[in-house]
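[1] need a 3D model of the following:
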Amino acid sequence: MNFDEQFKSLYDKLKESSGGKYMSITVKEVMLSPEAVIEKYREMSTIEGVMSI
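    You can find the predicted model right below:
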């Protein structure tokens, strides 16, 4: 299963870079604690090709 299939229902905004090399995906989710935010970053980091800042 690729990223698109796993998280398509959560997409808020998709944007391709001007050179077409990268895709920016904005996802909105209510987090109830700082620990939940950190856990979400850890979860997303296991998906091949995902970079976060």
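
[2] just the helices in the chain please.
    Secondary structure of the chain by DSSP state H: the helices cover 3-7, 34-45.

[3] where does this structure dip in pLDDT?
    1-12, 53 (pLDDT under 70).

[4] Serialize the helices of the chain to a markdown table and add fields for mean neighbour count.
    C-beta: built from backbone N, CA, C; applies to glycine. Below are those laid out as a markdown table (neighbours: other C-beta atoms under 10 Å):
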| stretch | mean neighbour count |
| --- | --- |
| helix 3-7 | 12 |
| helix 34-45 | 11 |
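
[5] relative to Ser52, which of those is closest?
    Nearest to Ser52, of all these, is helix 34-45, at 6.3 Å by C-beta to C-beta.

[6] hey, C-alpha coordinates of that closest one in PDB?
    What follows is helix 34-45, C-alpha atoms only, in PDB (Å, rounded to 0.1, in the frame of the first residue of the first chain):
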ATOM      1  CA  PRO A  34       2.200  17.200  22.600                       C
ATOM      2  CA  GLU A  35       3.000  13.500  22.900                       C
ATOM      3  CA  ALA A  36       0.300  12.700  20.300                       C
ATOM      4  CA  VAL A  37       2.100  15.100  17.900                       C
ATOM      5  CA  ILE A  38       5.400  13.400  18.400                       C
ATOM      6  CA  GLU A  39       3.800  10.000  18.000                       C
ATOM      7  CA  LYS A  40       2.200  11.100  14.700                       C
ATOM      8  CA  TYR A  41       5.600  12.300  13.400                       C
ATOM      9  CA  ARG A  42       7.100   8.900  14.300                       C
ATOM     10  CA  GLU A  43       4.300   7.100  12.600                       C
ATOM     11  CA  MET A  44       4.700   9.200   9.400                       C
ATOM     12  CA  SER A  45       8.400   8.700   9.400                       C
END
